[in-house]
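In: Need a 3D model of the sequence below.
(2 chains)
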Amino acid sequence: MIKRIVGVITVMNNWAVQSIGYNTYRPLGRPEIIAQNLDRWQLEEIVVSDISRSRHGLGPNIELLETIAQKKISTPLTYIGGIRDVSDALKVIKSGADRIGIESLIDSKPEAAKNISLAIGAQALVIAQSVFTNGNGLKKFNYIDKTTSNLNTNKILDNMTSASELLLIDVKNEGKSESFDKKILTPFHESDIQIICFGGISTGSQISNLLNNKNVSAVGIGNFLNYSELANWNLIKNSQHKSTRQLSYGKLTQGAKEWF
Amino acid sequence: MKKNLVGVLDYGTGNLSSILNCLQLLGCNTKIVKKEMDLGGISTIILPGVGSMNFAMQNIKKNNLDVLMHKIFIKNEIRIIGICLGMQLFYEFSEEGNTPCLGIIKGKVKKFPKNYCHIGWNNVHTKLLDGIESKYKNFYFNHSFYVPYKKNNSVGVTKNIEKFSSIVSKGSFFGLQFHPEKSQLIGRKLLNELIV
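Out: Numbers count the residues shown, from 1 in each chain, chains lettered A, B, ... in the order given. Below is the predicted model of the structure:
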C-alpha cells in the first residue's frame, strides 16, 4: 500500500489559517484556492478542517465544500468540522467530500458516531484526536473547552472498529517546524489501526521516519505547504521514501502533464 | 478531448458531482440517467460508487434499472463503466448486507478480513494505459469489500492484504474498483480511454 502525504487546510471563519499550538492563528487566504493548489501539486489527499464549527455549535460548512467542489478538484477530500449526526454526514458527502472526520462527537455522542459509520461506511469515517505527551502518558486536549484528560487508548481502539483511520494531532507541536512527538504513536504500536500523523511535520527525513512505522498510513502537513510552490515535491524528493507514490511532472520526466 | 454524451446513472446513492466535474474536465457532455427513456444519444453510462450495496440495489430494483442493465448488456451497444460500488454491482452477490446484485459477472463480493479498509493510493497492474510506466499506474481506493482476483474478467489486479480484481470487463461493461474521478491526471487519462 502506498503511504500518503496529506495536505491539511485549517479553516477559521471561512478563511484558511496558519494554526500554531491551537492558540495563534494567522490568515493564509481563501481555502478553495489553497485546495486548488494542493490538487494541482498532486497531494495524495486534502483534509479540510474547519475549527470554527463545533466550538460555536454550528453544523458542517456546506457552503465551503460547495465552493471547493466548484473548483473541480480531483484529489480525495476529507472534511472535519461541526458534524453532529447522520444527516450532517450525508450532507457533507453529498457536497463533495469523500470522507468525513469527527473529534468531539466521538465522546459527546458516541451513538451518533456509530450511526454515521453505518450510514456512510467505516471506510469513509476518520476519527481525529488532539493529543500530547505528558511524562510517560498521553493526554487528550479538548479544543472546545480547552481542558485536558488522560487518553483512554482502549476506548479509541474500540471506536476504531467504526472508522478507517485515526488522525493523531500533536497539539503542543502543531505549527512548529520538525517537532512532531513520535511518543504519541507508542500506545498504538501493537494495534493494526491505520494512523495519520499531523502537527509539526515539515521535513522529508521526518516524513520518511514517520512513514517507517507500520501503522502510519499518512502524514498531514499544514503550514509548511504554504511557503513555496510545489512544496510537497521537495519534501518527497528529500525523503526519497520508497512507500510514497511515484509522481512525475513535466517534459523531462515523461510526466503526467504529458499524458494528454 | 472527448465531446461524447456520457450518462451518469442516478440510483440514489452518494454524490454525483465529483464524476460530473471529472467528465466536464474531459470535455464530455453529461446527462443524468434515471430511466430507459433518458438513454437517447448516450454512448457511455457511468455507475458512480458511493453508498451501501443493499440501499443501492433497492433503488435499482425499484426503478427497474436492473432490467435496463441486462438489456444494455445483451444489446452490447452502450459502454457501461462501474466505479467502486458501481463495479461490485455487476457481480451475483455481495457480503455487504448479504445482497443479491445484478449478476452480469459470475462471482461474489467479499469483505476484507478484520474490518480492514483499503484507503488511499495503490498500484494497478494492467495492460490498459499502454505507454505509461507501471510505477505511475496508481489510483485512489476507498473500500472495505472486494472482488477476489480471478483470471476471467480481470483486466487489472491490485494487492494489499488480499490480491483482488481492480479492473474487470465483460462485454461492454467495465468495472473499476478505484475512483478514477479522484485519481487526478492518471484517473482522467483512464476514463478518457474507456469512454466511447
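In: Could you check the longest strand along chain B against chain A for contacts?
Out: Counting residues, the longest strand in chain B under DSSP state E turns out to be strand B:163-170. No. Strand B:163-170 is not in contact with chain A by CB under 8 Å from any CB of the partner chain; minimum separation 12.6 Å. Any C-beta I mention is one placed from the backbone N, CA and C, and that applies to glycine too.
In: That strand - contacts with which helices or strands?
Out: Applying 3 or more CB pairs under 8 Å, 6 or more residues apart in numbering or on different chains; DSSP states H and E, we find strand B:163-170 packed against strand B:154-159, strand B:173-176.
In: got TSV for these, with distance to residue A:241, mean pLDDT and mean neighbour count too?
Out: Output for the helices and strands packed on strand B:163-170, formatted as TSV (distance: least, CB to CB, whole Å; pLDDT from 0 to 100; neighbours: other CB atoms under 10 Å in any protein chain shown):
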stretch	distance to residue A:241	mean pLDDT	mean neighbour count
strand B:154-159	19	96	20
strand B:173-176	27	98	27
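In: which residue sits farthest out from the middle of chain B?
Out: Here chain B reaches farthest from its C-alpha mean at residue B:114, the gap being 24.8 Å by CA atoms, centre = their mean.
In: that older thread, what about the helices and strands packed on strand B:163-170, which gets the closest to chain A?
Out: Closest to chain A of these is strand B:154-159 (CB to the nearest CB; 9.0 Å).
In: hey, C-alpha coordinates of the closest one in PDB?
Out: Taking C-alpha atoms only, strand B:154-159 is exported to PDB below (Å, rounded to 0.1, in the frame of the first residue of the first chain):
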ATOM      1  CA  SER B 154     -10.000  -9.300 -14.700                       C
ATOM      2  CA  VAL B 155      -8.000  -6.700 -16.700                       C
ATOM      3  CA  GLY B 156      -6.400  -5.100 -13.700                       C
ATOM      4  CA  VAL B 157      -5.200  -6.500 -10.400                       C
ATOM      5  CA  THR B 158      -4.100  -4.900  -7.100                       C
ATOM      6  CA  LYS B 159      -2.600  -6.400  -4.000                       C
END
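In: ok, now which ones touch residue B:4?
Out: When contacts are counted by CB atoms under 8 Å, 6 or more residues apart in numbering or on different chains, residue B:4 touches B:28-29, B:43-44, B:195-196.
In: mind checking the backbone torsions on residue 51?
Out: Here I'm looking at chain A. Residue A:51 has phi and psi values of phi -80, psi 0 when expressed as degrees, to the nearest 10.
In: Show me what from the stretch 1-150 of chain A comes close to chain B.
Out: The stretch 1-150 of chain A has residues A:1-4, A:39, A:42, A:44-45, A:69, A:72, A:74-76, A:93-96, A:98-99, A:121-124 near chain B, with proximity defined as CB under 8 Å from any CB.
In: how does it look with 6 Å?
Out: Within the stretch 1-150 of chain A, the positions near chain B by CB under 6 Å from any CB of the partner chain are A:1-2, A:4, A:42, A:44, A:69, A:72, A:74, A:76, A:94, A:96, A:122-123.
In: What are the buried residues along stretch A:33-51?
Out: Neighbour counts over stretch A:33-51 (16 or more other CB atoms under 10 Å in any protein chain shown) mark A:34-39, A:41-51 as buried.
In: same question, stretch A:118-131
Out: By neighbour count on 16+ other CB under 10 Å, the buried set for stretch A:118-131 is A:119-131.
In: same deal with stretch A:49-60?
Out: A:49-54, A:59-60.
In: Which of the residues of the stretch 1-150 of chain A next to chain B fall in helices?
Out: Applying DSSP state H to the residues of the stretch 1-150 of chain A next to chain B, the entries found in helices are A:69, A:94.
In: Among the residues of the stretch 1-150 of chain A next to chain B, pick out the one closest to residue A:241, please.
Out: Nearest to residue A:241, judged by CB to CB, of these is residue A:2 at 10.2 Å.
In: Tell me, what's the model's pLDDT at that closest one?
Out: With respect to pLDDT, residue A:2 has a value of 88.
In: How many residues are close by it?
Out: 19 (other CB atoms under 10 Å in any protein chain shown).
In: same thing with the one 10 residues further on?
Out: Counted by other CB under 10 Å, the residues lying close to residue A:12 total 18.
In: now residue A:10
Out: Residue A:10 has 25 neighbours, counted by other CB under 10 Å.
In: doesn't it fall inside a helix?
Out: No. Counting by DSSP: H, G, I helix; E, B strand; the rest coil, residue A:10 is not found in a helix; it is strand.
In: for chain A, what spans make up the helices?
Out: Secondary structure of chain A (DSSP H): helices located at A:31-40, A:62-69, A:86-94, A:105-108, A:110-120, A:153-159, A:204-211, A:231-239.
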